[in-house]
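Q: here's a sequence, model it:
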Amino acid sequence: MLESSGRKEALWILAFISFAESSFFPIPPDVMLIPMVISAPNKAFKMAGVATLASVIGGYFGYVIGVWGFDLIARPLLEFYGYTEKFASFKAYYAEYGAWIVFFAGLTPFPYKVITIASGAAGLNIWVFTVASLLARGLRFYAVAGLLKYCGERMKNFIEKHFNLLSILFFILLLGSFLLIKYL
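A: Numbering: from 1, shown residues only. Purely as a prediction, here's the structure:
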């Protein structure tokens, strides 16, 4: 991954993953952003900007799914993640806390697509959604990029030395988060 992250088209791949993860794709952009920043730390903030903008634009796609495709697309996704019953109470919270929900979810590893779709389905004001998404996703990706830019060489050595173990741990955490979401 570290070798391919330095290629010219890697920025486009990062943009696609960031876009897709905000609306339908299960893999977070961090899996691409981290090795890219480690391999080219001088471009860290450009990469964070691409991830942020693509994530917010992808968030609009998720929002549209929530608005216009709730019954066709969003409801099955919510059922898959086990959120059908919780959605009614979740929607009520949106009226009062929507900006904070989007902001805090955008900072965490919680699947952002669930929040973007729910924002559209709940009718969260698009400007509130945009500002909260820009702040949260920007803070997340710029923090990751900044940490890696300034501590990257030590992290690169660690990742290269323990890549197989870290890959296994990542997939265990990914699978665990899906199971946690599904059964919460």
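
Q: pLDDT score for the residue located most distally from the centre of the chain?
A: Most distant from the centre of the chain: Lys161, at 26.6 Å, with distances by Cα atoms, centre = their mean. The model reports Lys161 with a pLDDT of 80.

Q: chain center to stretch 56-76: distance?
A: Centroid separation for stretch 56-76 versus its chain: 15 Å, with Cα atoms, centre = their mean, to the nearest Å.

Q: give me the below-cutoff pLDDT ranges for this structure.
A: For the chain, residues meeting the criterion pLDDT under 70 lie at 1-6, 74, 156, 174, 177-184.

Q: the helices in it, which residues?
A: 10-21, 30-39, 44-68, 75-80, 84-107, 112-122, 126-161, 163-183 (DSSP state H).

Q: of those helices, flag the one that's most buried.
A: helix 112-122 (a mean of 26; mean count of other Cβ atoms under 10 Å). No exception for glycine: its C-beta is placed from N, CA and C like everyone else's.

Q: who's in contact with it?
A: 21-25, 55, 58-68, 70, 73-74, 77-78, 81, 83, 87, 90-91, 94-95, 98, 101-102, 105-106, 129, 133, 137, 181 (Cβ atoms under 8 Å, 6 or more residues apart in numbering).
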